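1. Here's a sequence, model it:
(one chain, ligands or ions: 1)
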Amino acid sequence: MDALTAALHRYWGVSAFRPLQREAVVAFLEGRDVLVILPTGAGKSVTYQLPPVCQEGPAVTVVVSPLISLAKDQVNAACERGLECEVYNSTVAEGRKAAIVSDLCSGAPSMQLLYTTPESLALPLLRDALKEARSSCTLRFAIDEAHCVSQWGHDFRPAYLALQSLREDFPGAPFLACTATATQRVKDSIIQSLGLKSPVILESSFNRPNISYEMRHKGLMGKGSRAAALKDLVKLIQAQQGSTGIVYAHQRKTCDWLAAKLGNAGVDAAAYHAGRDASERSRAQAQWMDGAFDCIVATVAFGMGVDKADVRWVVHWDAPNSLEGYSQESGRAGRDGLPCKAIMYTSRKHLNQMRNMEVGDRRGSAEAVGDLALTACCRRKALLAYFGEKRGRCEPPEELCDFCRDPKALAAMVAKLDTKAELAAANGLQVDDERADSGESEDESPPLADKENPKGLSSPTQDRGPAQKRAKKPPGAVWEPACKLPGSAAPQSSQSGKQGAKRSVQLGRRGVSSKEYLADVTPAAASLLPCQDRADSGPTKLPANSSGTGEGKQAGMSCMLRNAGQSSAGPRYITGLRRKGFVPPLKALKRDLGSS
Ligand SMILES: Nc1ncnc2c1ncn2[C@@H]1O[C@H](COP(=O)(O)OP(=O)(O)OP(=O)(O)O)[C@@H](O)[C@H]1O
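-> Presented below is the predicted three-dimensional model:
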């Protein structure tokens, strides 16, 4: 056994490194800057905790962590392993802080890890002590959750920007930045903001093969969709037979409401959000960790750094704000590598609300979530494509997503969603799921307004200056299931029309088969249906009696549709619609969808 493996065994009790851990430790020990991008639960903390314990002479890794609670948990875990650990933040008593400073300046610090926050690291007392320490010991800096430094990231913390001055003060110290989620833009931003010098970039696939992804649409759950969705959720949780899970909701009151409703239905559930006081929160977390609750119903305030290996399912009751967030939150399931589920409940209304409220750098986040949720596509492929990974659909032994389990059923469901939206828009109505969902608005203000920031810091999402205008969509706009994510099942027809070209589709009461109708409104979905007469390209020509001068025109059903499968910006607009005389071909549609 080599020295590194021996140290891993001694402190972690395991005798093999996980992928890229060893490479990161070696590079960090050699004094290189390192960027580690590994999925949640991959063991990133080993990469910066191990170096100080496996070198001769005094060495301290200063670990910058965004949350005090997160640092506390990590320090406890590290101390239990036998590492010499200290924590320096605003909650620490002055006497303790003085002891830490004096240890750093002693010429041979006894600590191996010093957990702190960006704010505390900016204070002259600690900064000067570290400057003093570097002459007598090896200093290294580890920036945990490094995506917080990026304004493009989903969890930007302005305080992280103060870390820029670290490089100036400690030009010779190696930096290791780690995160579980980073698009190329975020990676570039981390390297630039922290001033990483020719960093060794260690990145593994974001893929979590043991997670099966699934979307459920509240709008398709019938009238009173909130009650129906709740019933569905209870059934889902009960089917997990007492295994542990997390339900994420946007708002605190939704968490309280859901926890109470689940409790009434016999599910042991605790609510966790920043509106509860710290002791209630940590009690709820501890009880959930111990298995006293099947389920914790939480806002995004919960989860960062929670190291519970056997979370078998993560439910999003509301669509997440971004795919980065989704990846992190769903990634809390199955850290033990065993099969687990990530299930997202969505509603078109909520997605549209989120999209309409995005400002500045955040624009596009909800759009990406909507594209994932409202498109017939392999969820894994699409999610990974968002992070720049090209790959095929789920393949065993990976857990299959809902699309890969049954593409036809999923395509039919998406077709149903699109058709509902378009028929409702055609009739000048709200989309059904929006109407049904509106019951939920009684306890929900606009989704982003109450997004939690456990540190109470501002972020681009929350800092809406007067100059920042919300990007309102025109009334009547519905979600365009444009299959924009590269993983989506857009038709790859060689005959597909000119990129970005609009198609004019004439729909009418007679002469248009439901199959054609489906093919026209959702080409992506229709490509998966047994639909022989699907028109893939160019302006769709419908039978004479329904087009041009036919009844279709009389009925005023002229829709301008973007050709699905092509990259197109903005929503799909339905224009020139007249309600009178239009009878939706629902019977035929239902027959085709096989859902009487
Ligand atoms: N080589 C290894 N073999 C087995 N278990 C390991 C190994 N390395 C780390 N672990 C364990 O994996 C779990 C997750 O590790 P860690 O908390 O470092 O993950 P992480 O990548 O930081 O996750 P997150 O991004 O969610 O914070 C811990 O319980 C840790 O002890």
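2. how close does the closest residue to Ser106 other than its chain neighbours get to Leu417?
-> Excluding its sequence neighbours, the residue lying closest to Ser106 (C-beta to C-beta, 6 or more residues apart in numbering) is Ser136, at 7.9 Å. (Glycine included, C-beta is placed from N, CA and C.) Separation of Ser136 from Leu417 (C-beta to C-beta, to the nearest Å) stands at 64 Å.
3. Looking at the two, which is more packed in?
-> Higher neighbour count among Ser136 and Leu417: Leu417, with 27 against 15, using other C-beta atoms under 10 Å.
4. SS state for that one?
-> Put simply, Leu417 is helix when judged by DSSP: H, G, I helix; E, B strand; the rest coil.
5. Model confidence for it, exactly?
-> Leu417 is assigned 81 on the pLDDT scale.
6. Can you point out the buried residues in stretch 69-76?
-> 69-75 (16 or more other C-beta atoms under 10 Å).
7. Tell me where the model's unsure across the protein.
-> Applying pLDDT under 70 to the chain flags residues 151-155, 359-363, 421-596.
8. Up against the ligand, what does it have?
-> 12, 14, 17-18, 21, 38, 40-46, 180, 305, 307, 335 (C-beta under 6 Å from any ligand atom).
9. Write a PyMOL command that selects only the buried members of these.
-> Here is the PyMOL command that selects the buried residues among the residues of the chain next to the ligand (16+ other C-beta under 10 Å):
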select buried, resi 17+18+21+38+40+41+42+43+44+45+46+180+305+335
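10. Filter the residues of the chain next to the ligand down to just the ones in helices.
-> The helices, defined by DSSP state H, take in 12, 21, 44-46 from these.
11. first to last residue in stretch 130-150, what's the distance?
-> In stretch 130-150, first residue to last residue: 25 Å (C-alpha to C-alpha, to the nearest Å).
12. Could you give me the buried positions within that stretch?
-> Of the residues in stretch 130-150, those buried (16+ other C-beta under 10 Å) are 130, 133, 137-150.
13. Where do the helices of the stretch 151-300 of the chain begin and end?
-> Under the criterion DSSP state H, counting those that start in this stretch, helices of the stretch 151-300 of the chain are mapped to 164-169, 184-194, 225-239, 252-264, 278-289.
14. Just put these in CSV and tack on mean neighbour count and distance to Ser330.
-> Below are the helices of the stretch 151-300 of the chain laid out as CSV (neighbours: other C-beta atoms under 10 Å; distance: least, C-beta to C-beta, whole Å):
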stretch, mean neighbour count, distance to Ser330
helix 164-169, 14, 32
helix 184-194, 19, 18
helix 225-239, 18, 15
helix 252-264, 20, 18
helix 278-289, 16, 17
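15. need those in CSV with distance to Ala270, can you?
-> Listed next are those as CSV, based on distance: least, C-beta to C-beta, whole Å:
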stretch, distance to Ala270
helix 164-169, 38
helix 184-194, 32
helix 225-239, 13
helix 252-264, 6
helix 278-289, 4
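16. Lys390: which of these is closest?
-> Closest of those to Lys390 is helix 184-194, at 13.1 Å (criterion: C-beta to C-beta).
17. Can you tell me what sits against the closest one?
-> Identification of contacts with helix 184-194 by C-beta atoms under 8 Å, 6 or more residues apart in numbering yields 35, 37, 143, 146-147, 149-153, 160-161, 163-164, 166-167, 175, 177, 179, 182, 196, 199, 201, 324, 388.
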